[in-house]
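>>> I need the structure of the sequence given here:
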Amino acid sequence: MFVDRESEGPEPGGQIVRDAAQEAARILGHVIQCDGAHATIATTAAGSKSQEAGQWSVGKFISISLANTRTVGLVHDVHVDGSWHEEADNRMLVHVDLIGEVRDGKDGAPPTFDRGIAQYPHIGAIAHRIRQRDLAAIYEIGGNDAVPIGNLSQDESVLAHIAMGRTLNRHFAVVGSTGVGKSTAVSLLLRKAIEARPNLRVLILDPHNEFASAFPDKAVTLDSDTLDLPFWMFRLEELVEVLYLGRDPIVEEVELLRDLIPAAKAEHRGAGNVTLRRSAEASGITADTPIPYRMADVMRILDERVGLLDSKDLRPVYRTLRQRLDSAMRDPRFRFMFGARIIEDNITSAIGRIFRIPAQGKPVTCFHMAGMPSEVVNSVCSVLARLAFDLTLWGKGQIELLVLCEEAHRYMPVDPRMGFAPTRHALARIAKEGRKYGCYLGVVTQRPGELDPTIFSQCSTVFAMRLPNEQDQAIIRSAISDASASALSFLSSMGPREAIAFGDGVAATMRMKFEFLDRRYIPGSITRDRTAPEIEGSGDLDLNSIVERMRNGGRDPSADDVWFGPATPTAPAAGGPEQRPSLARLSPYVDEPIRQERRPDGRLFG
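Reported below is the predicted structural model:
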C-alpha cells in the first residue's frame with residue numbers, strides 16, 4: 001500500500017491538503033463518475049514511469065478529498081483507455097468501491113472513520129493515494145476490547161485489530177483451503193482470546209488430534225481412554241446412534257427402549273413397584289432425563305417382559321435389542337460409556353472435568369477424535385455441545401464457554417440427510433441462542449460450501465483465507481456487504497497466513513496477515529514439520545508397533561485387562577449398587593445370587 005508520509009499542512013477549512021513542495025504526482029486523478037456505491041476516476045501515467053500506475057493497482061485504498069471529509073475507496077478494476085504508449089502519457093480509468101469516509105478530529109485529535117457515505121464525491125473531485133494515518137483510522141477499534149492479531153497487507157506498519165468481545169459473543173468462522181495456515185490462525189486467535197478473557201473456557205472438537213500440542217501449558221486432552229461420559233447422560237437418540245453404529249434404527253426396538261429406560265431409572269431410584277414407576281413417569285422422568293440407571297436393570301426388565309408376551313411375533317424384537325445392548329457393553333470402543341463398575345450420579349465431576357471448572361490454569365479442553373468410530377464421534381459431540389449450552393444457560397452468566405468445531409462441515413453438513421441430526425441441532429442451538437447466555441461458537445472449515453448455511457450465517461465475524469474453489473468463494477461473497485465484495489477477488493491468490501477479515505469483529509473489511517506464531521504453538525507441527533535430521537534420528541521404523549496401534553485404534557492394549565478381567569466382583573463402594581462388565585453376567589447387587597435362566601433356544605443367560 002502506498003501511503004503518504006510526507007509533510008502536510010491544514011487548509012483554512014480544517015481539511016489536510018498537499019504541501020506545495022510535494023511532487024505533482026501526489027494528485028493522481030479526478031472523479032468522472034459516481035453512483036451510490038462506486039466511483040470512476042480518470043488519471044494519467046507516463047509510459048516511462050510505469051511505477052506511477054502501480055499506485056492504482058487492485059486492492060489499494062485511495063482517498064477522494066471533499067470539503068470536510070475524505071471519501072475512502074477500494075480499487076477493484078484498472079484499465080487503460082486505449083493502448084499503452086511507452087513514450088507518452090496514458091489515460092487510465094480506475095473503478096473503486098466506496099466504503100466510508102474519514103473526518104479530522106477536533107483540536108488535533110486523530111481522524112475518525114465512519115462506514116457508509118454521508119457526502120458523495122462530486123465530479124472533478126481530486127483523488128489520491130491514502131495517507132497512513134487515514135489508513136490507520138479505518139481499522140481503529142476503540143476501547144480496551146481491541147486485540148492486535150497481525151498487520152495490514154497494504155501497510156505492515158499498521159496493526160490489524162479485532163474487537164474480541166464482538167468476535168466471541170457473535171460467533172466467528174475461519175475458512176481456507178488446506179495448507180494456508182488455518183490451524184495456525186485458529187491457535188493464535190484462541191491464545192489472544194484466553195489472554196483477553198481469562199475466565200473463558202474453550203472446548204475444541206479436534207478430528208486430527210493436533211491442537212493439544214499447540215497449548216501445552218493451557219490444555220487437557222480427552223480421548224476414548226480418558227473420557228468419562230456415562231451412558232445415562234446420553235439422550236435416547238444419541239444412545240441409539242451408538243447402538244446401531246450409525247445405521248438406520250429399527251423403530252420397534254427404539255420404542256421398546258424408550259419404555260425400558262424410564263423404568264430402569266425408576267428402579268435405580270428405589271421405585272421398584274408399578275405404583276412408584278407411574279409416579280416417576282408423572283414427575284417427568286423420560287428416556288432423555290439425565291438420571292443414573294443401570295444397564296443390568298434394562299436387560300432384566302427386558303427379560304421379564306419377554307416371559308409375559310402372549311405372542312411370539314415380538315420376541316425377536318426383544319431378543320435382538322438385548323443382543324444389541326450386550327454387544328455395545330462388550331465393545332472396548334465404548335468403554336468410556338459402559339466401563340464404570342459403580343453407577344453413581346457423577347454428572348457434576350464429569351462436567352467439571354470436561355469444561356475445566358475449576359480451570360486450574362488449563363482452560364482449554366481438546367477432544368481427540370482421530371481413530372474413533374464416526375458413530376461414537378457423532379454421539380459424543382452431540383452430548384458435549386448440548387451440555388455446553390445447558391451449562392451456560394443455567395449458569396446465568398457466570399460461565400463463558402467457546403465451542404470450537406474443527407472441520408465443522410462434518411457435524412453440520414449442508415445436506416440434512418448427512419451427518420447426525422442431534423449434533424447439528426445442538427450446535428445450531430448454540431449458534432442461534434448461545435450468545436445470550438455466554439456460549440460461543442467457532443467454526444473452522446476448508447469447505448464452506450459444504451457447511452450448513454444457517455450455521456454459517458450466524459457467524460458475525462469471518463476470517464477468509466485462500467479459497468480456490470468457486471463454490472466456496474460464492475458462499476463467502478454472500479456473507480459480505482456489497483460495498484466490500486470486491487475485496488474477495490483476492491481469495492484465490494492470497495499467501496500463507498493472509499486473510500480477509502470482515503464482520504462485526506473488525507472496524508472495516510481488511511486484508512491482513514496473522515502474526516508469526518512460535519513453532520511450538522502451531523497445531524500438529526511436532527509431527528508435520530520435522531526436519532530430515534529429526535526424522536533420521538528417530539531410529540528404525542518399528543512396523544510391528546504401528547500395526548498394533550492400528551489394531552487397537554491407538555489405545556494401550558494392556559488397558560483392556562480391566563475390561564476383560566476376572567469375573568469375580570469386588571465389594572461395592574458406599575453410595576450405590578455396582579455396574580458389572582457385561583461379560584461377567586452378574587446380578588445387579590453383589591450380595592444377591594447369580595440368577596441363570598435357560599432361553600427357549602437352550603442357551604443360558606442371567
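>>> tell me the SS of N544?
Three-state call for N544 (DSSP: H, G, I helix; E, B strand; the rest coil): helix.
>>> show the pLDDT at it.
With respect to pLDDT, N544 scores 82.
>>> do the same with L227
L227 is assigned 85 on the pLDDT scale.
>>> give me the neighbour count for it.
20 (other C-beta atoms under 10 Å). Backbone N, C-alpha and C define where each C-beta goes, glycine included.
>>> do H95 as well
Neighbours around H95, by other C-beta under 10 Å: 17.
>>> from the contact counts, what lies against the helix or strand where it lies?
H95 belongs to strand 89-103 when assigned by DSSP states H and E. Strand 89-103 sits against strand 27-34, strand 38-46, strand 61-65, strand 70-80, strand 112-115, helix 132-138, with contacts defined as 3 or more C-beta pairs under 8 Å, 6 or more residues apart in numbering; DSSP states H and E.
>>> gap between the third one and the chain center?
What that stands for is strand 61-65. Centre-to-centre, strand 61-65 and its host chain are 37 Å apart (C-alpha atoms, centre = their mean, to the nearest Å).
>>> buried sites along it?
Going by neighbour count (16 or more other C-beta atoms under 10 Å), the buried part of strand 61-65 is F61, I62, S63, I64, S65.
>>> which of these lies closest to S460?
F61 (23.8 Å; C-beta to C-beta).
>>> and the closest residue to the closest one other than its chain neighbours, how many neighbours?
Spatial nearest neighbour of F61, chain neighbours left out: I130 (4.5 Å); criterion: C-beta to C-beta, 6 or more residues apart in numbering. For I130, the neighbour count with other C-beta under 10 Å is 25.
>>> do the same with H122
So H122, with other C-beta under 10 Å, has 11 neighbours.
>>> same question, D155
Neighbours of D155 under the rule other C-beta under 10 Å: 15.
>>> that one contacts R133, correct?
No. D155 is not in contact with R133 according to C-beta atoms under 8 Å; the separation is 10.9 Å.
>>> Q458 contacts N169, doesn't it?
No. Q458 is beyond contact range of N169, at 11.7 Å (criterion: C-beta under 8 Å).
>>> what ranges do the strands span in the stretch 451-600 of the chain?
With DSSP state E, counting those that start in this stretch as the criterion, the stretch 451-600 of the chain has strands at 461-464, 498-503, 510-514, 597-598.
>>> for those strands, give me CSV that also has distance to P198.
As requested, the strands of the stretch 451-600 of the chain are exported to CSV (distance: least, C-beta to C-beta, whole Å):
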stretch, distance to P198
strand 461-464, 21
strand 498-503, 24
strand 510-514, 22
strand 597-598, 59
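>>> any chance of those strands in JSON lines, with distance to P249 and mean neighbour count too?
Converted to JSON lines, these look like this (distance: least, C-beta to C-beta, whole Å; neighbours: other C-beta atoms under 10 Å):
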{"stretch": "strand 461-464", "distance to P249": "37", "mean neighbour count": "26"}
{"stretch": "strand 498-503", "distance to P249": "40", "mean neighbour count": "24"}
{"stretch": "strand 510-514", "distance to P249": "45", "mean neighbour count": "22"}
{"stretch": "strand 597-598", "distance to P249": "28", "mean neighbour count": "10"}
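>>> quick one: T71 and A37, what's the gap?
12 Å (C-beta to C-beta, to the nearest Å).
>>> what sits in contact with each of these two?
Shared contacts of T71 and A37 (C-beta atoms under 8 Å, 6 or more residues apart in numbering): L98.
>>> between those two, tell me which one has more neighbours.
Shown here are T71 and A37; by other C-beta under 10 Å, T71 has more neighbours (25 against 14).
>>> show me what contacts the closest residue to the more buried one other than its chain neighbours?
In space, and not counting its chain neighbours, T71 is closest to I64: 4.2 Å by C-beta to C-beta, 6+ apart. Neighbouring residues of I64 by C-beta under 8 Å, 6+ apart: V31, A39, I41, R70, T71, V72, G73, P121, A125, I126, A127.
>>> tell me how many other residues surround the third one.
Taking other C-beta under 10 Å as the neighbour definition, I41 ends up with a count of 27.
>>> which residues in the stretch 201-350 of the chain form helices?
Assigned by DSSP state H, counting those that start in this stretch, the helices in the stretch 201-350 of the chain fall at 236-243, 251-268, 274-282, 295-307, 315-330, 335-338, 347-354.
>>> buried residues in the fourth one?
What it means is helix 295-307. Buried positions in helix 295-307, judged by neighbour count with 16+ other C-beta under 10 Å: M295, A296, D297, V298, M299, R300, I301, L302, D303, V306.
>>> so H128 sits in a strand?
Yes. Counting by three-state DSSP, H128 is located in a strand.
>>> what strands line up against the strand holding H95, and which way round?
With DSSP bridges as the test, strand 89-103 is paired with strand 38-46 (antiparallel), strand 70-80 (antiparallel), strand 112-115 (antiparallel).
>>> quick one: distance of stretch 61-75 to the chain centre.
Remark: stretch 61-75 is offset 37 Å from the chain centroid, using C-alpha atoms, centre = their mean.
>>> can I get it in PDB? Just the C-alpha atoms.
Taking Å, rounded to 0.1, in the frame of the first residue of the first chain, the C-alpha atoms of stretch 61-75 are listed here in PDB:
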ATOM      1  CA  PHE A  61      -7.100   2.200  -0.900                       C
ATOM      2  CA  ILE A  62      -7.500   5.700  -2.300                       C
ATOM      3  CA  SER A  63      -8.800   9.000  -0.900                       C
ATOM      4  CA  ILE A  64     -11.100  11.400  -2.500                       C
ATOM      5  CA  SER A  65     -10.800  14.900  -1.000                       C
ATOM      6  CA  LEU A  66     -14.000  16.800  -0.300                       C
ATOM      7  CA  ALA A  67     -14.700  20.000   1.700                       C
ATOM      8  CA  ASN A  68     -14.900  18.500   5.200                       C
ATOM      9  CA  THR A  69     -14.300  14.800   4.700                       C
ATOM     10  CA  ARG A  70     -12.200  12.300   2.700                       C
ATOM     11  CA  THR A  71     -14.100   9.500   1.000                       C
ATOM     12  CA  VAL A  72     -12.200   6.200   1.100                       C
ATOM     13  CA  GLY A  73     -12.400   3.800  -1.900                       C
ATOM     14  CA  LEU A  74     -11.000   0.400  -2.600                       C
ATOM     15  CA  VAL A  75      -9.600  -0.200  -6.100                       C
END
